[in-house]
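1. everything below, folded, please.
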Amino acid sequence: IEPYVLGSEDSDRKGKPLKSIDIISAVIRTIAPGDKARGSLEDRSEQMHQLLKSQVGKKHVLVIEEAHSLSEATIKHLKRFYEIKSGFKQLLSIILIGQTELDVKLSENNAAVREVVQRCEKVWLEPLDNNVEAYLKHKLARVDVDYLDVFEPSAFTEIRNCLRSTVPVGRGGHRSVQTSSLCYPLAVNNLVSGAMNEAVK
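-> You can find the predicted model right below:
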């Protein structure tokens, strides 16, 4: 179940916040495309609950992308979606996908969302680093291209080298350089696309 997040922001000043009623509508629309969503929030919530309960043997997952743009109120309400049950059986799992700002919003120091945070398992996308070659091999295999027809064997080391950031740390005589990897899929895609376009010229 994927609510639309086009134009979604965490306040009315920036865009249109994704609200609980929007999530409920997305659940109803996905599970029962032909059903008309009821008018009031209470009636619509009951409609969603009954639809979830009627789907015996099926598991439903709510996936919210750009979750760093969720408002604090909506994050707080996710606890209620998580607690929708039939007997002891949980009816809805939730996956939030977002940028690093989401980690700030899901802080245990924020009392407003603490109950949600205590039910979360956080997973970070690590840089590809030593998996750059396998990643590009997989991407090109999806369009029936042998990646070694496109890249020299040394290219993967060069991609990793290009996508490293060095930052000076410390003061005075104790200064050093801290290196971090920026080898995330989007950065790899952009670098490779740019290189391939340059090669064609």
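2. if I look at Asp35, how far off is Phe81?
-> 19 Å (Cβ to Cβ, to the nearest Å). (C-beta placed from N, C-alpha, C; glycine too.)
3. meant to ask about Ser25, not that
-> 13 Å.
4. same check, this time on Asn189
-> Distance from Asn189 to Phe81, by Cβ to Cβ: 33 Å.
5. of Asp35 and Phe81, who's got more company?
-> Phe81 (18 against 11; other Cβ atoms under 10 Å).
6. OK, contacts around the closest residue to His60 other than its chain neighbours?
-> Distance criterion Cβ to Cβ, 6 or more residues apart in numbering; nearest residue to His60, sequence neighbours excluded, is Leu92 at 5.4 Å. Residues counted as contacts of Leu92 (Cβ atoms under 8 Å, 6 or more residues apart in numbering) are Ile1, Val27, Leu52, His60, Val61, Leu62, Phe81, Tyr82, Ile84.
7. pLDDT below threshold where in this protein?
-> 172-173 (pLDDT under 70).
8. in it, which spans are helices?
-> 20-31, 41-54, 72-82, 101-105, 114-117, 132-141, 155-162, 185-200 (DSSP state H).
9. just the buried residues of stretch 77-86, please?
-> By 16 or more other Cβ atoms under 10 Å, the buried positions in stretch 77-86 come out as His77, Leu78, Lys79, Phe81, Tyr82, Ile84.
10. so what touches it?
-> 20, 23, 48-49, 52-53, 62, 90-92, 94, 96, 115-116, 119.
11. quick check, Ser45 in contact with Ile24.
-> Yes. The pair Ser45 / Ile24 is scored as a contact, 5.9 Å apart, by Cβ atoms under 8 Å.
12. so for these two, which residue has more residues nearby?
-> For Ser45 and Ile24, the more surrounded residue by other Cβ under 10 Å is Ile24, and the numbers stand at 21 against 18.
13. you'd agree the more buried one is up against Arg44?
-> Yes. Assessed by Cβ under 8 Å, Ile24 is found in contact with Arg44 at 5.1 Å.
14. what touches both of the two?
-> What both Ile24 and Arg44 touch, as defined by Cβ under 8 Å, 6+ apart, is the set Ala37.
15. which residues touch Asn131?
-> Contacts of Asn131 (Cβ under 8 Å, 6+ apart): none.
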